[in-house]
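Novice: Coordinates only, no sequence provided:
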């Protein structure tokens, strides 16, 4: 349950508009602010485009695009908000000054969240009068469809704020992931950035084209990643013994120059952390049970995705 | 069309068994060889487990698990084969010696493919009498469901072999991706290895647990990767101007320490290669059209995957 009623979104680019569409679809009143010329029209068009998908996902009772209003000043935008999501361009000084204005003009108990993909919360909250209610809430594009939101508190963020924000996002049909340590890029973008940089090296070295690299993802590992992350995937690759066997067998490959990224030393401590991590969250599901579930999913996913792949026809079933 | 009729699979671990299940489901006769104790029973059990999914995908006419026979010697296994898939453990000397036996005992026009995930074909074919018919064909687990197969020719592989192999895999409902340059790990595993190594660093540095890292993938970017690779994803993130705008806006982030992997210098040449690559294979589909297609897919995928995620309930629709 959440006590949040009035939502304000500051900064209406792709991410800000994504938040607005999601919040409206969840049945909230949303106030938006963006000083840019023509911002309101662009936002209403973006929400209109997102609405088709949101209707198919299922709108909350009373959800209405017309419950969005644009404010003329940041003060007017935030003064009555219970929750404020900031999405201005990714420049530290700009974000800090906007967040400090929000801090000054908002109710003291209002939650202030930043969509920053890379800046740590302790930096952003350092100039606030009430930093305990500030948090990083980093979403993924398209924000109105993808459930993940990384929730990162700073040195001065209260645990009550983290709890309240997680309850709120769950009530908005999202999957909040609390990141317990502040690092640049949080967690998800570090993983994506590693893959992205390796992909750029492959293009730069003339090994593969952008199309070939995308093909190498979507017809292979990409199909698994919608349901199972890299660790559980390797847990299954290890057979009945799971990750324990997998690390024995493929651990040595970490020494090979298969990427430009150097791997950490596979110490016994790291091994145990990885093995116990997989075993504990796989819970009492055996590798065989996880495989059966994965296969059932993959069969349905393949039927679905074939219509959306660039070259689906060549893979048509008999 | 393919002229391949008789298929032999040498080495029946997880990958070999995956190939056997796929080929049987496609209506082929398959001969298998593996000297290990109890190999035949393990293979028949693995094929039985895969069969449920393969039936749902749709079996080819005449497809039958009983069209699998085990040979007692490698000579007997390969002597009449049109296509031989090698899947012995990933040790260079072992693979070379097995491949040379296959080369010696098979028909001169038979195709010999290796499932190696990391060794380059020129190395593996160096000791063969008829290296022109050898190729790397690297699949992805589960081999009987995932369409991707990386096809890599060595210095002495004939272009006719590459063509023949691609036709064959397409007839087996797969997506052959021809890799034009030999590198350790080919292409897909380099991308996965970069993500995997970064994930291990995050666990090693105590930033996130294995479960948190998997969560950061499956509820976010992983949902996109089933249909759209990293390049086209960023092409969409760039708005109407696509990748050109995206590189302007996020290119500088390549300098940030967001991963342990150093990025290549974003030269004008690399920029153009990436931009033109995305634009050319996006073809005449605008970013808006690609977005609409992506959203339609994501809505259907979310309905599907919610039943298969570890924590699906918390994301239940209103």
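Specialist: That came in fine, so what should we check first? Since we're looking at a predicted model, the values are computed, not measured.

Novice: give me the number of residues near the nearest residue to residue A:280 once chain neighbours are set aside?
Specialist: Nearest residue to residue A:280, sequence neighbours excluded (Cβ to Cβ, 6 or more residues apart in numbering or on different chains): residue B:211, at 7.8 Å. No exception for glycine: its C-beta is placed from N, CA and C like everyone else's. As a burial measure, residue B:211 scores 18 neighbours (other Cβ atoms under 10 Å in any protein chain shown).

Novice: Mind listing residues that contact the host helix or strand of residue B:211?
Specialist: Using DSSP states H and E, residue B:211 sits within helix B:210-216. Contact with helix B:210-216 is made by A:148, A:150, A:175, A:177, A:179, A:187-188, A:191, A:228-232, A:273-274, A:277-278, A:280-281, B:199, B:202-203, B:208, as judged by Cβ atoms under 8 Å, 6 or more residues apart in numbering or on different chains.

Novice: For residue A:36, grab phi and psi.
Specialist: phi -70, psi 140 (degrees, to the nearest 10).

Novice: In the stretch 1-150 of chain A, which residue sits nearest chain B?
Specialist: residue A:148 (3.5 Å; Cβ to the nearest Cβ).

Novice: Show me what that residue bridges to in the sheet.
Specialist: Taking DSSP bridges, one obtains residue A:175 as the residues bridged to residue A:148.

Novice: separation between it and residue A:278?
Specialist: Distance, residue A:148 to residue A:278, by Cβ to Cβ, to the nearest Å: 20 Å.

Novice: Those two: which has the busier surroundings?
Specialist: Using other Cβ under 10 Å, the more surrounded residue of residue A:148 and residue A:278 is residue A:278, with 27 against 23.

Novice: That one in helix, strand or coil?
Specialist: helix (DSSP: H, G, I helix; E, B strand; the rest coil).

Novice: Verify the stated contact: it with residue A:230.
Specialist: No - counting by Cβ atoms under 8 Å, residue A:278 sits too far from residue A:230 to count as a contact (10.5 Å).

Novice: how much space between the residue of the stretch 1-150 of chain A closest to chain B and residue A:192?
Specialist: In terms of Cβ to Cβ, residue A:148 sits 12 Å off from residue A:192.

Novice: cool, residue A:176 as well?
Specialist: Taking Cβ to Cβ, one finds residue A:176 at 18 Å from residue A:192.

Novice: If you count surrounding residues, which of the two has more?
Specialist: residue A:192 (26 against 21).

Novice: How about the secondary structure of the more buried one?
Specialist: Here residue A:192 is recorded as helix under three-state DSSP.

Novice: Same check on the one 10 residues further on?
Specialist: Three-state assignment for residue A:202 (three-state DSSP): helix.

Novice: Tell me which residues of the lowest-mean-pLDDT helix or strand in chain A come out buried.
Specialist: Scoring the helices and strands of chain A by mean pLDDT, DSSP states H and E places helix A:243-250 at the bottom, with a mean of 85. Using 16 or more other Cβ atoms under 10 Å in any protein chain shown as the test for burial, helix A:243-250 gives A:243-247, A:249-250.

Novice: And for stretch A:105-125?
Specialist: A:105-106, A:110-125.

Novice: what's the offset of the strand or helix carrying residue A:271 from the middle of its chain?
Specialist: Using DSSP H and E, residue A:271 falls within helix A:268-282. Here helix A:268-282 is found 24 Å from its chain centre; the criterion is Cα atoms, centre = their mean, to the nearest Å.
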